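In: Predicted model follows, preceded by the sequence.
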Amino acid sequence: MLATRIRSAILIGIVAGLGVWAGGWVFFALVLLVAGLAGYEFTLMMQASGHRVSLLFVYAIIVLFMLDAAFAGRNIVRHGLVWILILSISWQILRYRPGSSTVDWALTVSGGLYVGWLLSFFVSLRALPDGLAWTAAALLVTWASDSGAYFLGRAVGRHKLTPLLSPNKTWEGIAGGFLGGVLAGGGVGALAMHWNGTIGVVHGLILGVLIACIAPFGDLAVSMIKREARVKDSGTLIPGHGGILDRTDSLMFTAAVTYYFALWSSQWQ
């Protein structure tokens with residue numbers, strides 16, 4: 001199981017690395033594909049739990065936020081989201097089911113926002129002047145934090161973090177994730193400074209702390225969704241890991257954090 005998990009992680013890292021390096025529409029297409037698969041998994045989980053979530057409108061919201069990130073400043077979300085909201089609730093009115101339709105509509109909209117808006121920050125992050133370095137940092141530091149939490153938690157984890165949501169997560173794992181995130185942040189910051197004069201050790205360490213603190217909540221958010229849907233994994237696409245949502249849960253939070261930190265740090269360089 002561990003060997004399968006490692007092989008899948010290596011393959012994911014290679015594909016993500018090539019996409020980040022290429023940037024432009026290649027990276028946009030990769031993020032859109034990941035978001036589409038994540039939105040599909042979210043919809044299936046909600047449908048399996050008895051909710052009539054509309055995949056069409058989930059996809060519409062995801063595409064809307066991706067385009068808004070790719071064409072920044074054109075107010076695509078402002079002009080497009082209003083029509084999606086009107087049409088999606090009208091669709092639920094036409095399919096009205098007492099005691100369910102309002103929840104079905106809310107889950108449709110929130111699912112699209114959750115997946116589409118958060119993952120679109122990767123597109124915005126890559127489009128920054130130093131976007132290559134910052135996007136690579138977001139991925140590497142998040143993966144290092146997740147890996148630190150996983151391995152230290154498995155080795156010495158005793159004290160449960162949230163037994164009702166995720167029985168395997170421990171406070172020792174959180175400590176491992178913090179250590180992994182900070183070390184990776186400092187290392188990535190130093191490499192980026194040496195490579196093209198961006199980020200730096202201090203900002204890298206701060207980013208490591210921020211990611212280590214926020215990443216567990218991204219992970220637990222999907223755990224909460226899965227718990228409500230009564231499923232173990234969001235999907236089966238990635239051997240040893242589960243679904244796309246199982247691998248992007250932390251990244252969906254840390255992409256937004258890294259983007260805003262990158263904007264802030266650019267004012268102090």
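Out: Yep, it's here. Owing to the predicted nature of the structure, the values given are computational and were not obtained by experimental measurement. Numbers count the residues shown, from 1 in each chain.
In: For the strand ranked longest in the chain, give me every contacting residue.
Out: Using DSSP state E, we find that the single longest strand of the chain is strand 166-170. With contact meaning CB atoms under 8 Å, 6 or more residues apart in numbering, strand 166-170 is reached by 149, 153, 157, 158, 159, 160, 161, 162, 216, 219, 220, 223. Where you see a C-beta, it was placed from the backbone N, CA and C, and this is true even at glycine.
In: List the neighbouring strands of it plus their orientation.
Out: As defined by DSSP bridges, the strand partners of strand 166-170 come to strand 160-162 (antiparallel).
In: Check the offset of the strand it pairs with from the chain's centre.
Out: In terms of CA atoms, centre = their mean, to the nearest Å, the centre of strand 160-162 is found 22 Å from the chain centre.
In: Provide the angle between the direction of the helix or strand that the longest strand of the chain is followed by and the direction of strand 166-170.
Out: Beyond strand 166-170 in the direction of the C-terminus, DSSP states H and E gives the next helix or strand as helix 171-196. Here the directions of helix 171-196 and strand 166-170 differ by 60 degrees (axes from the mean of the first three to the mean of the last three CA atoms, to 10 degrees).
In: Is there a neighbour count for residue 227? I'd like the number.
Out: Applying other CB atoms under 10 Å, we find 15 residues neighbouring residue 227.
In: cool, residue 194 as well?
Out: Neighbour count of residue 194, defined by other CB under 10 Å: 9.
In: just the contacts of strand 166-170 now: which is nearest residue 53?
Out: Lowest distance from residue 53 to those (CB to CB) belongs to residue 223, with 19.2 Å.
In: where along the chain do the helices fall?
Out: All helices of the chain, identified by DSSP state H, fall at 2-22, 24-48, 55-70, 76-94, 101-112, 118-126, 131-156, 171-196, 201-229, 244-266.
In: So for stretch 54-70, what gets flagged as buried?
Out: Within stretch 54-70, the residues that qualify as buried by neighbour count (16 or more other CB atoms under 10 Å) are 54-55, 57-70.
In: wait, stretch 155-168
Out: Buried residues in stretch 155-168 (16+ other CB under 10 Å): 157, 161, 166.
In: from the middle of its chain, how far away would it be?
Out: 22 Å.
In: Then stretch 211-223?
Out: On the basis of CA atoms, centre = their mean, stretch 211-223 sits 9 Å off its chain's mean C-alpha point.
In: Same check on stretch 154-166?
Out: Using CA atoms, centre = their mean, the offset of stretch 154-166 from its chain centre is 22 Å.
In: Then stretch 30-42?
Out: Relative to the chain's own centre, stretch 30-42 is displaced by 10 Å; criterion: CA atoms, centre = their mean.
In: Got phi/psi on the residue located most distally from the centre of the chain?
Out: What lies farthest from the middle of the chain is residue 98; by CA atoms, centre = their mean that is 33.6 Å. Torsion angles at residue 98 (phi, psi; degrees, to the nearest 10) stand at phi -50, psi 130.
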